[in-house]
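In: need coordinates for the below:
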Amino acid sequence: MVDRYGSDVLSGDWRAPRRGRSVELPAEPGTVVEDVETGWVGAVVRVEKAGGVHVVHLEDRRGRTKGFRLGPGFLVDGSPVTLVAPRAAEAQRLAAAKAAGTRTASGSVAVHGQRARVASGSRIFVEGKHDAELVEKVWGHDLRVEGVVVEMLDGVDDLTGAIRDFAPGPGRRMGVLVDHLVPGTKESRVVDEARALRPWAQHVLVVGHPYVDVWQSVKPGRLGMDAWPVIPRGTSWKHGIAAHLGWPHATQADMAQAWRRILASVDSWTDLEPELLGRVEELIDFVTAPE
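Out: As a prediction, this is how the structure comes out:
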């Protein structure tokens, strides 16, 4: 017998939406979706986090791009989807975070659960406070593991005197980092004299970078610049840099704040120029090498 009234309308999932239930879909680049609310149709260009919210950017056929909050409210071929962050990208992010947790700011393998070693007799000397703070930020973990202390020279004009005072020898090596060590400068003459100083020469390593100041060893891109500007003669280099960046520079406190801003832009060794990286690593190797 034919059922003239049809099947029981309540026998299925009568609460299901007409187009079906939404399913999760990773917002992989190139996926074409439609925003239900605005009707915007476009291909996924990228997913990013802004203001604590994941945003998906869609590019339409005219090349226009528009951002939408990641989540429900999209259609693919007429079926509802909930866009979620690409799983591959999320996996890469987690892997990167895990790797970062096993590396120090200098890029070396982090040593966890070990107390700082008692200071060795060897030392690394740098010209001033800014040099010391930068070395500590990037290589501090490594130096504590090795028991190496960084000390300040307050300039290198009397480098030979500093070497005599430290009296390096077996098990008491002295590494020195010098700013603006280029041929023909005052620094190069001072260093040549220090390197020949007897009887300590074999226990001393003096290296340097070519930058006017250690500030310049920070990659300019970290501060929004394509390159560090050339400061005219007669103008304090640091004051000229602060002025170029639009920062206050009238007082010593202003200059201290300028350095703090530059130092804050450094997260790891990747933010520094190789000319500094190589020299610091060379010094660490020298003062920690067995004799």
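In: could I get the contacting residues of L272?
Out: L134, V138, S217, V218, K219, V266 (C-beta atoms under 8 Å, 6 or more residues apart in numbering). Backbone N, C-alpha and C define where each C-beta goes, glycine included.
In: shaky segments in the stretch 101-250 of the chain?
Out: For the stretch 101-250 of the chain, residues meeting the criterion pLDDT under 70 lie at 101-119.
In: one step back: among the contacts of L272, name the ones in helices.
Out: Judged by DSSP state H, the contacts of L272 include L134, V138 as members of helices.
In: just the closest of the contacts of L272 to D165, please.
Out: Nearest to D165, judged by C-beta to C-beta, of those is L134 at 24.3 Å.
In: what is the burial count for the closest one?
Out: 22 (other C-beta atoms under 10 Å).
In: find the nearest non-adjacent residue to it, please.
Out: Spatial nearest neighbour of L134, chain neighbours left out: V214 (5.7 Å); criterion: C-beta to C-beta, 6 or more residues apart in numbering.
In: surely the one you found meets D179?
Out: Yes - taking contacts as C-beta atoms under 8 Å, V214 lies within contact range of D179: 6.1 Å.
In: what is in contact with the two at once?
Out: With C-beta under 8 Å, 6+ apart as the test, V214 and D179 both reach E127, D131.
In: between these two, which one's more packed in?
Out: V214 (26 against 23).
In: how much space between the more buried one and R260?
Out: 14 Å (C-beta to C-beta, to the nearest Å).
In: looking at the chain, which strand is longest?
Out: Taking DSSP state E as the criterion, the chain has its longest strand at strand 41-50.
In: partner strands of it and their direction?
Out: strand 32-35 (antiparallel), strand 53-59 (antiparallel) (DSSP bridges).
In: gap between the shortest one and the chain center?
Out: What that stands for is strand 32-35. 36 Å (C-alpha atoms, centre = their mean, to the nearest Å).
In: number the residues from 607 up from this point.
Out: Taking 607 as the first residue, the last one we looked at is strand 638-641.
In: tell me the bridge partners for the closest residue to F892 other than its chain neighbours.
Out: Of all residues not flanking F892 in the chain, L811 sits nearest, at 4.5 Å (C-beta to C-beta, 6+ apart). Beta-bridge pairing of L811 under DSSP bridges involves G781.
In: so where do the helices sit in the stretch 757-897 of the chain?
Out: With DSSP state H, counting those that start in this stretch as the criterion, the stretch 757-897 of the chain has helices at 765-772, 792-801, 843-850, 858-870, 880-894.
In: residues touching the second one, excluding its own?
Out: Counting by C-beta under 8 Å, 6+ apart, helix 792-801 makes contact with 762-763, 765-766, 769, 782, 784-788, 807, 810, 812, 814, all of which sit outside it.
In: please apply the same query to the longest one.
Out: Counting by C-beta under 8 Å, 6+ apart, helix 880-894 makes contact with 712, 726, 728-730, 741, 744-745, 748-749, 752, 754, 779-783, 811, 813-817, 820, 823, 875, all of which sit outside it.
In: in strands only, show me those.
Out: R729, I730, M780, G781, V782, L783, L811, V813, G814.
In: export these to a markdown table and tack on neighbour count and distance to G684?
Out: Shown next, in a markdown table, are these (neighbours: other C-beta atoms under 10 Å; distance: C-beta to C-beta, whole Å):
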| residue | neighbour count | distance to G684 |
| --- | --- | --- |
| R729 | 18 | 72 |
| I730 | 25 | 67 |
| M780 | 25 | 75 |
| G781 | 26 | 69 |
| V782 | 25 | 71 |
| L783 | 26 | 66 |
| L811 | 20 | 71 |
| V813 | 16 | 67 |
| G814 | 21 | 67 |
